[in-house]
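Chemist: prediction below, plus the sequence it came from.
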Amino acid sequence: QVQLVESGGGLVQAGGSLRLSCAASGLTFSRYVMGWFRQAPGKEREFVTHIGSSGRVTRYADSVKGRFTISRDNAKNTMFLEMNSLKPEDTAVYYCAARRDGVTGYDHWGQGTQVTVSS
């Protein structure tokens, strides 16, 4: 049974930083592309960033480029999201997700962690 468990969310002031983690189990982590998505109140879930199975390839939404950094540790089955220069508009529930390399859709999702940025 695949499990993705996010942690590290919380309340932070604008301009601050947070580091999210996503611990994966029940899958061969190194064969999966991992992504972060977020959903703000009243809005649809949106893509934030993803990282290739080896960690060499990353992609970011324009809204977070230069502020967020995704990384992974395949030896520990864990993915990270370093978030700097946070803005109130970054407030959302952040979800980690996994998809098999070469497959389009994400088929495993975590339960989400709340990030709240106060102005």
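Modeler: Arrived safely. As the structure is a prediction and not an experimental result, all values here were calculated from the model.
Chemist: center of this protein, which residue is that?
Modeler: In the chain, the residue lying closest to the centroid (C-alpha atoms, centre = their mean) is Trp36, at 2.7 Å.
Chemist: measure it to Ile70 for me?
Modeler: Per C-beta to C-beta, to the nearest Å, Trp36 is found 7 Å from Ile70. The way it works is simple: take the backbone N, C-alpha and C, and place the C-beta from them, glycine included.
Chemist: what do the two both touch?
Modeler: Thr49, His50, Met79, Leu81 (C-beta atoms under 8 Å, 6 or more residues apart in numbering).
Chemist: returning to what we had before: give me the contact list for the helix or strand containing the residue nearest to the centre of the chain.
Modeler: With elements taken from DSSP states H and E, the one containing Trp36 is strand 32-39. For strand 32-39, contacts defined as C-beta under 8 Å, 6+ apart pick out 20, 22, 24, 45-53, 70, 72, 79, 81, 90, 92-101, 106, 112, 115.
Chemist: stretch 60-70 too?
Modeler: So stretch 60-70 is in contact with 34, 36, 46-51, 58, 79-86, 89-90, going by C-beta under 8 Å, 6+ apart.
Chemist: let's go with 6 Å and repeat that
Modeler: Residues external to stretch 60-70 that are found in contact with it (C-beta atoms under 6 Å, 6 or more residues apart in numbering): Phe47, Val48, Thr49, Ile51, Thr58, Leu81, Glu82, Met83, Asn84, Ser85.
Chemist: same thing with stretch 3-15?
Modeler: By C-beta under 6 Å, 6+ apart, stretch 3-15 touches 18-26, 86-88, 96, 108, 110, 113-119.
Chemist: now Thr116, nearest residue through space, not along the chain?
Modeler: Nearest residue to Thr116, sequence neighbours excluded (C-beta to C-beta, 6 or more residues apart in numbering): Leu11, at 4.7 Å.
Chemist: where in this protein is pLDDT low?
Modeler: Residue ranges of the chain with pLDDT under 70: none are present.
Chemist: could you redo the last one with a cut-off of 90?
Modeler: 101-104 (pLDDT under 90).
Chemist: quickly list what the spatially closest residue to Ala40 that is not a sequence neighbour is bridged to.
Modeler: Excluding the flanking residues, the one nearest Ala40 by C-beta to C-beta, 6+ apart is Ala92, at 4.2 Å. On the basis of DSSP bridges, Ala92 is bridged to Val115.
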